[in-house]
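In: what follows is a predicted protein model with its sequence.
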Amino acid sequence: MIARVAEVIAKRRRERPEKSYVVSLLAAGFPKINAKLTEEAGELAEALPAGDKAHTAHEAADLLFHMLVGLEAAGVAPEAVFAELARRFGVSGIDEKASRKK
């Protein structure tokens, strides 16, 4: 599903249809995209402890969508994110973080 959504976002960027939320975000650039990421992350953080699973899933989907728009704007393929997660798989999160270049 993530790959399918990322493909649609990339298609919107290429084809630039007039009535496209994705196109409007990309045209506004990183200030708008980053504001949406911050907004959606906050909404998810509020939803998590509230116990409404459907609402939490909705907010998580919003955050994932806007993250994919940001990745498209930055020219980072979702596969690069998956490769990074695969690299970290089986490694302690504490050890992985300690190994990062500062």
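Out: Happy to help now that I have it.
In: and the residue lying closest to Pro17 once chain neighbours are set aside, how far from Lys97?
Out: In space, and not counting its chain neighbours, Pro17 is closest to Val23: 6.5 Å by CB to CB, 6 or more residues apart in numbering. Bear in mind the C-beta positions are built from the backbone N, C-alpha and C, glycine included. Distance of Val23 to Lys97, given as CB to CB, to the nearest Å: 37 Å.
In: who's more crowded, the two?
Out: Between Val23 and Lys97, Val23 has the larger neighbour count (other CB atoms under 10 Å), namely 16 against 10.
In: Ala45: which element?
Out: With elements taken from DSSP states H and E, the one containing Ala45 is helix 30-47.
In: which pLDDT does the model give Lys101?
Out: As predicted, Lys101 sits at a pLDDT of 75.
In: relative to Gly90, how far out is it?
Out: From Lys101 to Gly90 the distance is 21 Å (CB to CB).
In: likewise Val5?
Out: With CB to CB as the criterion, Val5 and Gly90 are 27 Å apart.
In: quick check: next helix or strand after the helix holding Ala45?
Out: Downstream of helix 30-47, the first helix or strand assigned by DSSP H and E is helix 53-74.
In: give me the mean pLDDT for the helix or strand just after that following helix.
Out: As assigned by DSSP H and E, the chain's next helix or strand after helix 53-74 is helix 78-88. For helix 78-88, mean pLDDT rounds to 94.
In: go through helix 78-88 and flag the buried ones.
Out: Across helix 78-88, burial judged by 16 or more other CB atoms under 10 Å covers Pro78.
In: C-alpha coordinates for that helix, PDB please?
Out: What follows is helix 78-88, C-alpha atoms only, in PDB (Å, rounded to 0.1, in the frame of the first residue of the first chain):
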ATOM      1  CA  PRO A  78      10.400   4.900   0.100                       C
ATOM      2  CA  GLU A  79      12.700   2.000  -0.800                       C
ATOM      3  CA  ALA A  80      15.600   3.900   0.700                       C
ATOM      4  CA  VAL A  81      13.700   4.100   3.900                       C
ATOM      5  CA  PHE A  82      12.900   0.400   3.800                       C
ATOM      6  CA  ALA A  83      16.600  -0.300   3.100                       C
ATOM      7  CA  GLU A  84      17.600   1.700   6.200                       C
ATOM      8  CA  LEU A  85      15.000  -0.100   8.300                       C
ATOM      9  CA  ALA A  86      16.400  -3.500   7.000                       C
ATOM     10  CA  ARG A  87      19.900  -2.400   7.800                       C
ATOM     11  CA  ARG A  88      18.800  -1.700  11.400                       C
END
